[in-house]
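[1] Sequence and computational prediction follow.
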Amino acid sequence: AVVGLLYPCIDSHLGEPHKFKREWASVMRCIAVFVGINHASAKLDFANNIQLSLTLAALSLGLWWTFDRSRSGLGLGITIAFVATLITQFLVYNGVYQYTSPDFLYIRSWLPCIFFSGGVTVGNIGRQLAM
């Protein structure tokens with residue numbers, strides 16, 4: 001909820017109203033693409049984790065380009081991915097949560113891509129609700 005409210009607040013603070021594809025159908029398509037990216041991260045088998053991470057990074061940037069295209073959206077998405085990844089690393093390091101096969105500082109390497117995509121998706125929902 002905080003992330004969804006943060007996007008329209010940052011837009012108004014920067015004086016850049018978000019005008020790209022502002023309708024509920026676009027928001028629903030963004031949610032569907034996010035669910036697809038999330039499902040792909042869990043179900044698709046790749047030769048190694050680098051291929052999976054690069055594919056998910058490209059899909060996440062494609063999601064941002066298709067449904068957002070704002071500098072504030074890109075900045076907030078990257079910030080959300082960074083902060084959420086740090087929080088997840090902290091939780092795993094302290095034993096609250098555990099990955100069966102971590103490959104990047106206690107976590108899976110594709111996790112920041114999922115956080116970025118989720119931030120863009122929730123931001124689109126927040127912007128639409130703010131209208």
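    Structure received.
[2] From the contact counts, what lies against the longest helix seen in the chain?
    Longest among the helix segments of the chain by residue count, using DSSP state H, is helix 71-93. If you count contacts as 3 or more C-beta pairs under 8 Å, 6 or more residues apart in numbering; DSSP states H and E, helix 71-93 packs onto helix 2-14, helix 49-67, helix 111-130. For every residue, glycine as well, the C-beta is placed using N, CA and C.
[3] and with 6 Å instead?
    helix 2-14, helix 111-130 (3 or more C-beta pairs under 6 Å, 6 or more residues apart in numbering; DSSP states H and E).
[4] Which residues does it contact?
    The contact list for helix 71-93 (C-beta atoms under 6 Å, 6 or more residues apart in numbering) reads 10-11, 14, 97, 105-107, 112, 115-116, 119-120, 123.
[5] Quick one: mean pLDDT over it.
    In this model, helix 71-93 carries a mean pLDDT of 90.
[6] and the angle from it to helix 111-130?
    130 degrees (axes from the mean of the first three to the mean of the last three C-alpha atoms, to 10 degrees).
[7] Run the chain-centre distance for helix 71-93.
    Its chain's C-alpha centre and that of helix 71-93 lie 9 Å apart, by C-alpha atoms, centre = their mean, to the nearest Å.
[8] repeat for stretch 103-114
    Centre-to-centre, stretch 103-114 and its host chain are 13 Å apart (C-alpha atoms, centre = their mean).
[9] Please apply the same query to stretch 47-60.
    That offset, for stretch 47-60, works out to 14 Å (C-alpha atoms, centre = their mean).
[10] Send over that stretch as PDB, restricted to the C-alpha atoms.
    Extracted in PDB, the C-alpha atoms of stretch 47-60 (Å, rounded to 0.1, in the frame of the first residue of the first chain):
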ATOM      1  CA  ALA A  47      20.800 -23.800 -17.900                       C
ATOM      2  CA  ASN A  48      22.100 -21.500 -15.100                       C
ATOM      3  CA  ASN A  49      20.900 -18.800 -12.800                       C
ATOM      4  CA  ILE A  50      22.600 -16.100 -14.900                       C
ATOM      5  CA  GLN A  51      20.400 -16.800 -17.900                       C
ATOM      6  CA  LEU A  52      17.300 -16.800 -15.600                       C
ATOM      7  CA  SER A  53      18.400 -13.500 -14.000                       C
ATOM      8  CA  LEU A  54      19.100 -11.800 -17.300                       C
ATOM      9  CA  THR A  55      15.900 -13.000 -18.900                       C
ATOM     10  CA  LEU A  56      13.900 -11.700 -15.900                       C
ATOM     11  CA  ALA A  57      15.700  -8.400 -15.900                       C
ATOM     12  CA  ALA A  58      14.800  -7.900 -19.600                       C
ATOM     13  CA  LEU A  59      11.200  -8.900 -18.900                       C
ATOM     14  CA  SER A  60      11.100  -6.500 -15.900                       C
END
